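Asks: What shape does this take:
(chains A, B, C and D)
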Number of protein chains: 2
Amino acid sequence: MARASKNTTTPSPATPGPEQLDTSVLEALVGYNARRASIAIGAEFFERMAPYGLKQADFSVLALLAHNPGATSRQLCATLDILPPNFVSLIAALDRRGLIERRPHPRDGRAVGLHLTDAGHALAQETEKIVVEMESELAGRLTERERTTLQRLLQKFYLGKGEKRETR
Amino acid sequence: MARASKNTTTPSPATPGPEQLDTSVLEALVGYNARRASIAIGAEFFERMAPYGLKQADFSVLALLAHNPGATSRQLCATLDILPPNFVSLIAALDRRGLIERRPHPRDGRAVGLHLTDAGHALAQETEKIVVEMESELAGRLTERERTTLQRLLQKFYLGKGEKRETR
DNA sequence: TATTGTTATACTCTATAACTATA
DNA sequence: TATAGTTATAGAGTATAACAATA
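Replies: Sure thing, here's the model as predicted:
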């Protein structure tokens, strides 16, 4: 698959001559840039996590459980925007691998508290370290201050928007 | 791809409400923030483009053709990172709707130059205006300078380092 | 021989309806 | 009645192999 083409800040000629297209219209959109950056980072993530057999969702669940022991499926689904039916096989796979443990919820007989096993804790710790290192490499051209700014600005687009309409 | 971002969980403490999880580990990752922002913006995009029957890829193609008349499928696929087999039905749909026109390429008998029809131009212009307006609303809390910074920082993650990966 | 566009196909991700058991 | 977890399934999105026409 071809890589993203680099943008030329000069307006493109009207004739279909050169190879590169003028992408300045799209690169002015936050949505486009966020999506492309997300895909690029996700591809790198996929490569580095392949030895551990973890996808982004798997990693997120392990990382959250490491810091929120006993969290329920419902809480994890809400936090990660995963639909409950799609969460079942994910959790089942982690369970089969012996990374998590399901314990009855102390106060709610319907719910199940999820906990990392020792192996799960070890894997969460190791992969979290690798991901943090990967991010440092990818953000190598950014200063620490730029990186913090980037996080803060991105979060403005998905956190605390107040009024929200229902989708379909 | 349109993820219903209905679960942004306002900080209001709902009484039967779920205990919020500690997400600080994930929110420290650019990849996580970019993905969440991309999904949130994509959901809003989906809502506003629904009346026009355009998905993100459709809009990108129309916008690119508006500024790159006569571009070929191969060029658009390379620019947008879409695999050629997946591009066929997309282009066919735009063609059936009378938004684009396929003309024989002047210098390559294999290729086909893609052009917007009058209807295509009108739709590209109208939807581009709507998307730009949407972005202004979503980025309402950002200063113009912050927004420019955000674009620049995001582009560092997907531009100018495409010599390694071959997939996605 | 290489490239453009295409068909067929498979695999993943995401979404909806409906069931169960608890509350 | 409402909620947590689950099943089954459908629909997008994305991937590879292989082919015809042209270079």
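Asks: where does A:Arg103 land in three-state SS?
Replies: strand (DSSP: H, G, I helix; E, B strand; the rest coil).
Asks: Skip the chain neighbours and tell me the closest residue to it.
Replies: Nearest residue to A:Arg103, sequence neighbours excluded (C-beta to C-beta, 6 or more residues apart in numbering or on different chains): A:Gly113, at 4.8 Å. The way it works is simple: take the backbone N, C-alpha and C, and place the C-beta from them, glycine included.
Asks: Surely the one you found forms part of a strand?
Replies: Yes: using three-state DSSP, the assignment for A:Gly113 is a strand.
Asks: list the contacts for it?
Replies: A:Gly113 sits next to A:70-72, A:102-106 when contact means C-beta atoms under 8 Å, 6 or more residues apart in numbering or on different chains.
Asks: who wins for most neighbours among these?
Replies: A:Ala71 (21 neighbours; other C-beta atoms under 10 Å in any protein chain shown).
Asks: now A:Glu101: how far from DNA strand D?
Replies: Going from A:Glu101 to DNA strand D by C-beta to the nearest atom of the strand, to the nearest Å gives 13 Å.
Asks: Hmm, that residue is touching A:Ala119, no?
Replies: No: taking C-beta atoms under 8 Å as the contact criterion, A:Glu101 and A:Ala119 are not neighbours in contact, 10.2 Å apart.
Asks: Do you know the pLDDT at the nearest residue to A:Ile91 once chain neighbours are set aside?
Replies: What sits nearest to A:Ile91 in space, not counting adjacent residues and going by C-beta to C-beta, 6+ apart, is A:Ser73, at 6.3 Å. A:Ser73 is assigned a predicted lDDT (pLDDT) of 98.
Asks: Kindly report the same for A:Ile41.
Replies: Looking at A:Ile41, its pLDDT reads 97.
Asks: Pick out the residue of chain A closest to DNA strand C.
Replies: Closest to DNA strand C within chain A is A:Gly109: 2.4 Å, counting by C-beta to the nearest atom of the strand.
Asks: among the contacts of A:Gly113, which are within reach of DNA strand C?
Replies: Filtering these for proximity to DNA strand C by C-beta under 7 Å from any atom of the strand leaves nothing.
Asks: centre of the chain versus stretch A:32-48, how much separation?
Replies: Here stretch A:32-48 is found 9 Å from its chain centre; the criterion is C-alpha atoms, centre = their mean, to the nearest Å.
Asks: does DNA strand C sit close to it?
Replies: No: Stretch A:32-48 is not in contact with DNA strand C by C-beta under 7 Å from any atom of the strand; minimum separation 8.8 Å.
Asks: Show me which residues of that stretch are buried.
Replies: Of all the residues in stretch A:32-48, those buried under the rule 16 or more other C-beta atoms under 10 Å in any protein chain shown are A:32-45.
Asks: got it, and stretch A:51-59?
Replies: For stretch A:51-59, a neighbour-count test (16+ other C-beta under 10 Å) marks A:54-56, A:58-59 as buried.
Asks: Kindly reformat these as a markdown table and extend each row with secondary structure.
Replies: As requested, those are arranged in a markdown table below (three-state DSSP):
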| residue | secondary structure |
| --- | --- |
| A:Leu54 | coil |
| A:Lys55 | coil |
| A:Gln56 | helix |
| A:Asp58 | helix |
| A:Phe59 | helix |
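Asks: can you tell me which of the residues you listed lies nearest to chain B?
Replies: A:Gln56 (7.3 Å; C-beta to the nearest C-beta).
Asks: Just the endpoints, please. Distance across stretch A:102-120?
Replies: Length of stretch A:102-120, first residue to last, C-alpha to C-alpha, to the nearest Å: 13 Å.
Asks: typed the wrong thing, it's stretch A:138-152
Replies: One end of stretch A:138-152 to the other measures 18 Å (C-alpha to C-alpha).
Asks: which other residues reach it?
Replies: With C-beta under 8 Å, 6+ apart as the test, stretch A:138-152 has contacts from A:41, A:44, B:27-28, B:30, B:33, B:146, B:149-150, B:153-154, B:156-157.
Asks: can I get these in JSON lines with secondary structure and distance to B:Glu137?
Replies: Below are those laid out as JSON lines (DSSP: H, G, I helix; E, B strand; the rest coil; distance: C-beta to C-beta, whole Å):
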{"residue": "A:Ile41", "secondary structure": "helix", "distance to B:Glu137": "26"}
{"residue": "A:Glu44", "secondary structure": "helix", "distance to B:Glu137": "32"}
{"residue": "B:Glu27", "secondary structure": "helix", "distance to B:Glu137": "23"}
{"residue": "B:Ala28", "secondary structure": "coil", "distance to B:Glu137": "27"}
{"residue": "B:Val30", "secondary structure": "helix", "distance to B:Glu137": "24"}
{"residue": "B:Asn33", "secondary structure": "helix", "distance to B:Glu137": "20"}
{"residue": "B:Glu146", "secondary structure": "helix", "distance to B:Glu137": "15"}
{"residue": "B:Thr149", "secondary structure": "helix", "distance to B:Glu137": "19"}
{"residue": "B:Leu150", "secondary structure": "helix", "distance to B:Glu137": "15"}
{"residue": "B:Leu153", "secondary structure": "helix", "distance to B:Glu137": "21"}
{"residue": "B:Leu154", "secondary structure": "helix", "distance to B:Glu137": "19"}
{"residue": "B:Lys156", "secondary structure": "coil", "distance to B:Glu137": "26"}
{"residue": "B:Phe157", "secondary structure": "coil", "distance to B:Glu137": "25"}
